[in-house]
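Enquirer: I would like the atomic coordinates for the input below:
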Amino acid sequence: MLRFSLSRRRWLAQAAASGWVLVATAQGPAWATPAPAARGDQGADPAHANGAKAAGSFEALEFDWNDRVRQRVVPVRLYWPHPLSPDQQIPLLVFSHGIGGSRRGYAYLGTHWARQGWASLHLQHVGSDRALWQGGMWSVVSRLQAAAQGAEAVARVQDLRFALDQILSGNFGQRIDTSRVVVAGHSYGANTALLASGARVFREGGVLELADPRIKAAIVISAPPFYGEGDPGSILATVQVPTLHVTATDDVIRIPGYYSGLQDRLSVYEAIGNSQKWLAVFAGGSHSMFTDRMGTGGVVLNPKVKTATQELSMAFLRGVLDGDGQALRDWPHQFAPLLARFNAGT
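Expert: I've put the predicted structure just below:
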């Protein structure tokens, strides 16, 4: 009994950042008229908790937006860089969390991007968020399985599109450069990012297309495969925006009845249709190493990988959106001791 309890604690901890997708048909998307109400607080960057001076300042704002058409709340956290010069426009990243996460997760990425002059909008998907961990431990498996069903996978992409509608139509939208909108996500959120970037699935004799044409690039961290589908190439060949894929040799999701390892991440990368794709595979690590959790994947390795991922993401964005590829060319040499593999896009 003790062995079973310990094992269950172990997979519960890992499952907090894990997800899998079984995409099914759903009603077509419908977007509500934006009417945001905000409450704000100053953002704190855990990477600079020791008082070290950061590249720039930011503010963290939280909104509970309501999609009245779908009768679904979409909570978000917005990392907004400041100060901005008059009429200055800034790029936007939209981030989707893994199963069991929240809008306050992945702060090490959101704060870093904001300090580099990017707005970073972190979504919370109410059907697959931290509420899954509330209630009895013995029913958590059924709650996870329910959250991974097709309707929720589609609803997540609709959350993303609704949130984009909200922010671009409000006061913030006047400051956002709509030619530089990027989607990012970890685990289940990586699947959300890919669906919004052009991945297609087939249901009931038709194609379910959820691509948002406003998205210009995608950052895909620890993407599980699209289960319930056939050849990944038929799903991902239609992703034509530049993509960055980040994983690790021990990036493994292991919960009762479900296993997904590194090869799944590589299969997703290889199936992407656009030749503008980059892959970084860190040596060792874990699946939850890419969340805000400290120590997972190794107490020494974890912060190094976080720093490397921060730098890689910005190098990718500058390379594909600004035409400045030098940082992206330099990155694998700078972080070579951490890498098991790096593939550069064309």
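
Enquirer: Model confidence score at Ala49, please.
Expert: Listed pLDDT for Ala49 reads 34.

Enquirer: Kindly report the same for the one 4 residues further on.
Expert: Each residue has a pLDDT score; the one for Lys53 is 37.

Enquirer: same question, the one 5 residues further on
Expert: The predicted local confidence for Phe58 comes out at a pLDDT of 96.

Enquirer: Could you check what's spatially nearest to it, not counting adjacent residues?
Expert: Distances taken as Cβ to Cβ, 6 or more residues apart in numbering place Ala114 nearest to Phe58, at 3.6 Å, with adjacent residues excluded. Any C-beta I mention is one placed from the backbone N, CA and C, and that applies to glycine too.

Enquirer: Could you check how many residues crowd around the one you found?
Expert: For Ala114, the count of nearby residues is 27 (other Cβ atoms under 10 Å).

Enquirer: before we move on, which element is it in?
Expert: Element membership for Ala114 (DSSP states H and E) is helix 107-115.

Enquirer: tell me which strands and helices that helix is in contact with?
Expert: strand 57-67, strand 72-82, strand 90-96, strand 119-123, helix 301-322 (3 or more Cβ pairs under 8 Å, 6 or more residues apart in numbering; DSSP states H and E).

Enquirer: follow-up on the earlier one: how about the residue nearest to Phe58, what does it touch?
Expert: Listed by Cβ atoms under 8 Å, 6 or more residues apart in numbering, the contact set of Ala114 reads 43, 56, 58, 79-81, 120.

Enquirer: Specify the local secondary structure of the residue nearest to the spatial centre of the chain.
Expert: Nearest residue to the geometric centre of the chain (Cα atoms, centre = their mean): Gly185, 1.0 Å. Under the three-state scheme (DSSP: H, G, I helix; E, B strand; the rest coil), Gly185 adopts strand.

Enquirer: going forward, begin numbering at 8 instead of 1
Expert: Sounds good: first residue 8 from here, last item Gly192.

Enquirer: so what's it up against?
Expert: Per Cβ under 8 Å, 6+ apart, neighbours of Gly192: 102-105, 198-200, 226-228.

Enquirer: Now do the helix holding Ala121 against strand 97-103: the angle between them, please.
Expert: On the basis of axes from the mean of the first three to the mean of the last three Cα atoms, to 10 degrees, helix 114-122 is oriented at 170 degrees to strand 97-103.

Enquirer: Let's test this: mean pLDDT of helix 114-122, rounded?
Expert: Across helix 114-122, the average pLDDT comes to 98.

Enquirer: ok, back up a step: could you pick out the buried ones from the contacts of Ala121?
Expert: Using 16 or more other Cβ atoms under 10 Å as the burial test, those include 50, 65, 86-88, 127 as buried.

Enquirer: nearest spatial neighbour of Glu69, skipping sequence neighbours?
Expert: When the adjacent residues along the chain are set aside, Glu69 lies closest to Arg84, with 5.2 Å between them (Cβ to Cβ, 6+ apart).

Enquirer: Not counting its neighbours along the chain, what's nearest Trp87?
Expert: Trp87 sits nearest to Glu66 (Cβ to Cβ, 6+ apart), 5.1 Å away.

Enquirer: neighbours of that neighbour, just the number please.
Expert: The tally of other residues near Glu66 (other Cβ under 10 Å) stands at 14.
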